[in-house]
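Enquirer: coordinates only, sequence not included:
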DNA sequence: TTGTAAGCGTTATCAC
DNA sequence: GTGATAACGCTTACAA
C-alpha cells in the first residue's frame, strides 16, 4: 500500500537519463534550458522525470552555484506579533525578488541564535536578517564576513553591517511626553531585562522627556521585568496593585504591548481603574492593543516597512561589489487611546 | 576598512589543509573526529580554520550524507498566535533531537505553500510539518513520497501521512452546548471561507449540538467571513450591529479567536453589551483572549502538545524503515469567561 | 596517526 | 541538438 518508506536510493539525473535514453547533459538542459532541447527529447525526459519521481537535489545545485536562493530571518520572539508583522514585510520583499524566506526563532537565547546563524552560513544562504539578542556580539561580525547580514529593529555601535531600526529613544520620549501632558507626575517604567537594547533606549527616552519637563528623577521609577511577555506584565501588575495608593505611580509606561496587556489585565483584576487609578502606555501598537479590555495607548512602529527595507538592503548587499553599509532609522508615532485618555475616548 | 564584500572565492578544506601543512583527510578528521588526530596537528588545523575564516559548506556535506539535519514547519498563518504556539512546541522537540527548525509561512496561499514544499524537498530536509491549505491536495502526497511529512492541526481523508489534530467537531459541539446552556436560542456561527477544514468542522459540531438540543436549524445561522482575522471579525461585527435587535442573534460562535476579538471590539464600539446583547465564544484560547475588552470564552486546544507530538512523529517516520502512519486526535476544552457568563465572572 | 582517492548529484564546457 | 567529462567541497574507506 505504502510505496514510500526508505527507497533504496534517491532518483538522480543519471537514472532519468537512462530511462529517457539520453545523456546526463540533455537531462540537465531539459531542466534548465528547455528551449535548447528538441520537443521530442524533452517530452521523453519529462516523462521519465514523472515516472521516476525525480526531485532535483538542491544541495548539489548549490554546491555548483555557490549560493542558495534562500533568505533567512532570525527572529527574537516568534510569539510576539510585532516580529511576525516585521516578518510579513520581509516576506513580501523576498517574494518580489523570487527568494524563499525561512524563519528561525532564537527565542531570546544567544545559544539558539548562534546555532541558527552557524547553520545558515554553512548553508550559504543568500542573506540573513536578524533581530539579535545582542547587536554588538562578536559573532554577528564573524557571520557578516561571509554572508550579507542586516540588523532589524536595532542599530549596532560597530558598523560592519546595515541596520534598519525605529528610533526607540524618540518613542520613549513620545510616551512620557504624553503622560506628562495628561498630568502624571509619578510614573513607572516597566520593562526588562536591561540588556535588551529596545528596553534601554525606551527608558532613556522616557528619562529625557522626564528631565526636560523638570520633574524629579526619583518620580520616574524603573520596575524591571524578566521578559517582555504577557505573564511578565501580569507579575508587574501584581506588584503595582500591592502598593498603597499614595506610593503607587499614577501611570505606567511599558516597554512593549505584551507587558502592557498583562499589566492591564492584572490591574483591572485587582480592582484598579484604568486610566483613573493607573494610566498605561504600551509600545509596538500590535493588533491586539486596540482590542484590549481598555484600548491601549501605544507607540506605533512601521513594522512592515521595517521588514521590507531590511530585505531590500540585504539583497542590495548581496548584489553589490562594493557595498556601503546603511543605517535606516524610522520614526515612531504615539497612538492615544482609552488607557490614558479615559472612557470617553474609548474607541478612537 | 570593509574586508568583506565579494571575496574571490570561499575558503575550502583544501586551503585549510595547505595552510596547516596537512592533507584534506586530516582536516576533515579534525572537524568530524577530532580524537583521531594528534593534538599538535589538530591545533595547527584549528588555527588555520580561524586564520582563513573557513566555514563548512553544508551543501557539500549534505550531498554526501543525503539528508540535512533540518526540520521545517510550513505555517498557515504566521501572524496567528495559535500557530506560533504550535511552532514553539515543535521547536522544543526539534531542539531535543538536535535538529534545526526553520519556519515557512504559506499565508494561506496554495501557491506559496507549493513553492515552499518544493524547495524543502529539494533541500532534502529531514522532515516537513505542515498545516496545509488543503490537506487533500495531491501535492502533499507527492511530497510525502520523498520526505517524511506530518499534517498538523488537520486530518486528511487520504491516509498517506501521519497527522496530529484536535477534534474540531467536538470543539464546535462544546461551544454550542455552552451557549445553549446559557439560554441562547438564536446563534450565529461566524467563520470562513468554507474551504478551510477547521471552519467546516467547527460548524459541523455546532450544528450537531444544535439539532441534538432540538432547536430549529434556521436559528443557527452562518455568517461567512473572508478570513480568520481580526479585521474580518470587525466586519462581521458591523453586519451584526446593523441588524435590528429582534433579527439579531443573541450569541455568536466564532471560528477562531482573532475573529472573536474583532467581533467583540466592533460590537462594543457599536454600543452592544457583551454578553447581555451578544454572547461571544471564540476558538483557540490564544493568550490575548483572556485580556480582551471582555474576557473571551473560548475553546482551548493543546497547542504546544500538538507541535510536540507532530515533531515526534515526523522524526519517527524519518528513522523507521517500515513506518505505520498514525493519526493522533487531541481533545479540546471549553474555557468559559465573561463574554458568555457576564461581568460577575469577568476575570476567571 | 596521516595521506590518497573515489564519489555524492549537478552543471558547464566542450567536441560531436 | 546531443553526449562525454571535469569540476564544485566534502566525507570516508583504505593504504601508507
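Expert: Right, received. Where do you want to start? The structure presented is a predicted model; accordingly, all values stated were derived computationally and were not measured.

Enquirer: use CA for all of it now, contacts and neighbours both
Expert: OK.

Enquirer: List the residues that contact residue A:263.
Expert: Residue A:263 is in contact with A:230, A:233-237, counting by C-alpha atoms under 8 Å, 6 or more residues apart in numbering or on different chains.

Enquirer: so can I have CSV of those showing distance to residue A:190, pLDDT and neighbour count?
Expert: Below are these laid out as CSV (distance: C-alpha to C-alpha, whole Å; pLDDT from 0 to 100; neighbours: other C-alpha atoms under 10 Å in any protein chain shown):
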residue, distance to residue A:190, pLDDT, neighbour count
A:230, 12, 94, 23
A:233, 8, 96, 30
A:234, 11, 95, 22
A:235, 11, 97, 17
A:236, 8, 97, 26
A:237, 10, 96, 26
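
Enquirer: My read is that residue A:99 contacts residue A:69, right?
Expert: Yes - at 5.4 Å, residue A:99 and residue A:69 qualify as touching, with contact defined as C-alpha atoms under 8 Å.

Enquirer: Looking at those two, which one has more neighbours?
Expert: Neighbours per residue (other C-alpha atoms under 10 Å in any protein chain shown) separate residue A:99 from residue A:69, with residue A:99 holding more: 19 against 16.

Enquirer: so how many other residues sit close to residue A:60?
Expert: Count around residue A:60 with other C-alpha under 10 Å applied: 18.

Enquirer: what's the helix or strand for it?
Expert: Element membership for residue A:60, per DSSP states H and E: helix A:58-65.

Enquirer: In that helix, which residues are buried?
Expert: By neighbour count with 16 or more other C-alpha atoms under 10 Å in any protein chain shown, helix A:58-65 contains the buried residues A:58-63.

Enquirer: angle of it against helix B:58-65?
Expert: If you take axes from the mean of the first three to the mean of the last three C-alpha atoms, to 10 degrees, helix A:58-65 sits at 130 degrees to helix B:58-65.

Enquirer: Closest residue of the stretch 201-348 of chain A to chain B?
Expert: Closest residue of the stretch 201-348 of chain A to chain B, C-alpha to the nearest C-alpha: residue A:293 (3.0 Å).

Enquirer: That residue - nearest residue in space that isn't next to it in sequence?
Expert: What sits nearest to residue A:293 in space, not counting adjacent residues and going by C-alpha to C-alpha, 6 or more residues apart in numbering or on different chains, is residue B:293, at 3.0 Å.

Enquirer: What segments of chain A are helices?
Expert: A:13-20, A:24-32, A:39-52, A:58-65, A:81-96, A:110-122, A:138-146, A:168-181, A:197-212, A:230-242, A:257-269, A:303-319, A:338-341 (DSSP state H).

Enquirer: Point out the other elements, helices or strands, that the longest one touches.
Expert: Other elements packing on helix A:303-319 under the criterion 3 or more C-alpha pairs under 8 Å, 6 or more residues apart in numbering or on different chains; DSSP states H and E are helix A:81-96, strand A:127-130, strand A:149-152, strand A:162-166.

Enquirer: Same list (these) but as JSON lines, adding distance to residue B:123, mean neighbour count and mean pLDDT.
Expert: Listed next are the helices and strands packed on helix A:303-319 as JSON lines, based on distance: least, C-alpha to C-alpha, whole Å; neighbours: other C-alpha atoms under 10 Å in any protein chain shown; pLDDT from 0 to 100:
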{"stretch": "helix A:81-96", "distance to residue B:123": "18", "mean neighbour count": "22", "mean pLDDT": "97"}
{"stretch": "strand A:127-130", "distance to residue B:123": "17", "mean neighbour count": "28", "mean pLDDT": "97"}
{"stretch": "strand A:149-152", "distance to residue B:123": "22", "mean neighbour count": "28", "mean pLDDT": "97"}
{"stretch": "strand A:162-166", "distance to residue B:123": "29", "mean neighbour count": "24", "mean pLDDT": "96"}
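
Enquirer: To residue B:337, which of those lies closest?
Expert: Nearest of these to residue B:337, taken as C-alpha to C-alpha: helix A:81-96 at 23.7 Å.

Enquirer: ok, and what's touching the closest one?
Expert: In contact with helix A:81-96 (C-alpha under 8 Å, 6+ apart) are residues A:71, A:73, A:75-78, A:100-101, A:284, A:286-287, A:303-312, B:78-79, B:81.

Enquirer: Tell me the confidence at residue A:262?
Expert: If you check residue A:262, the pLDDT there is 95.

Enquirer: can I assume it is in contact with residue A:227?
Expert: No - contact between residue A:262 and residue A:227 fails when scored by C-alpha under 8 Å: they sit 11.8 Å apart.

Enquirer: neighbour count winner among those two?
Expert: Counted by other C-alpha under 10 Å, residue A:262 and residue A:227 do not tie: residue A:262 has more neighbours, with 24 against 18.

Enquirer: So chain A: which segments form each domain?
Expert: Chain A breaks down by automatic domain parsing into domains covering A:1-52, A:67-166+A:303-330, A:168-302+A:334-341.

Enquirer: Name all residues that make contact with the closest residue to residue A:310 other than its chain neighbours.
Expert: Closest residue to residue A:310 apart from its sequence neighbours, by C-alpha to C-alpha, 6+ apart: residue A:164 at 5.9 Å. Residues in contact with residue A:164 (C-alpha under 8 Å, 6+ apart) are A:150-155, A:306, A:309-310, A:327-330.

Enquirer: State the distance from the residue nearest to the spatial centre of chain A to residue A:42.
Expert: What sits nearest the mean C-alpha location of chain A, by C-alpha atoms, centre = their mean, is residue A:83, with 3.4 Å. Computed as C-alpha to C-alpha, to the nearest Å, the residue A:83 to residue A:42 distance reads 46 Å.

Enquirer: same question, residue A:94
Expert: Going from residue A:94 to residue A:42 by C-alpha to C-alpha gives 32 Å.

Enquirer: how many other residues sit next to residue A:120?
Expert: Neighbour tally, residue A:120, other C-alpha under 10 Å: 23.

Enquirer: where's it relative to DNA strand D, distance?
Expert: 14 Å (C-alpha to the nearest atom of the strand, to the nearest Å).

Enquirer: contacting residues for that residue?
Expert: Residues in contact with residue A:120, defined by C-alpha under 8 Å, 6+ apart, are A:72, A:128.

Enquirer: neighbours around the residue in the stretch 1-150 of chain A that DNA strand D sits nearest to, how many?
Expert: Using C-alpha to the nearest atom of the strand, the single residue of the stretch 1-150 of chain A nearest to DNA strand D is residue A:37, 3.3 Å away. Using other C-alpha under 10 Å, residue A:37 has 15 neighbouring residues.

Enquirer: How about residue A:197?
Expert: Around residue A:197 there are 20 other residues, counting by other C-alpha under 10 Å.

Enquirer: Could you measure from it over to DNA strand C?
Expert: Per C-alpha to the nearest atom of the strand, residue A:197 is found 44 Å from DNA strand C.

Enquirer: for residue A:56, same thing?
Expert: Going from residue A:56 to DNA strand C by C-alpha to the nearest atom of the strand gives 4 Å.

Enquirer: Give the burial count for that residue, as a bare number.
Expert: 20.

Enquirer: Next up, phi/psi of it, please.
Expert: Backbone torsions for residue A:56, taken as degrees, to the nearest 10, come to phi -50, psi 140.

Enquirer: show me the contacts for the residue nearest to residue A:293.
Expert: Each residue near residue B:293 by C-alpha under 8 Å, 6+ apart is listed here: A:291-295, B:264-265.

Enquirer: Could you identify which of these has the most neighbours?
Expert: Compared across the contacts of residue B:293, residue B:264 has the highest neighbour count, 35 neighbours, by other C-alpha under 10 Å.

Enquirer: Tell me if I'm right that that residue and residue B:237 touch.
Expert: Yes - using C-alpha under 8 Å, residue B:264 makes contact with residue B:237 at a distance of 7.3 Å.

Enquirer: Could you verify my assumption that residue A:63 touches residue B:56?
Expert: No - between residue A:63 and residue B:56 there is no contact under C-alpha under 8 Å: 11.7 Å.

Enquirer: and chain A, which residues reach DNA strand C?
Expert: For chain A, the residues found near DNA strand C under the criterion C-alpha under 7 Å from any atom of the strand are A:9-14, A:24-25, A:28, A:31-32, A:55-58, A:60-61, A:63-65.
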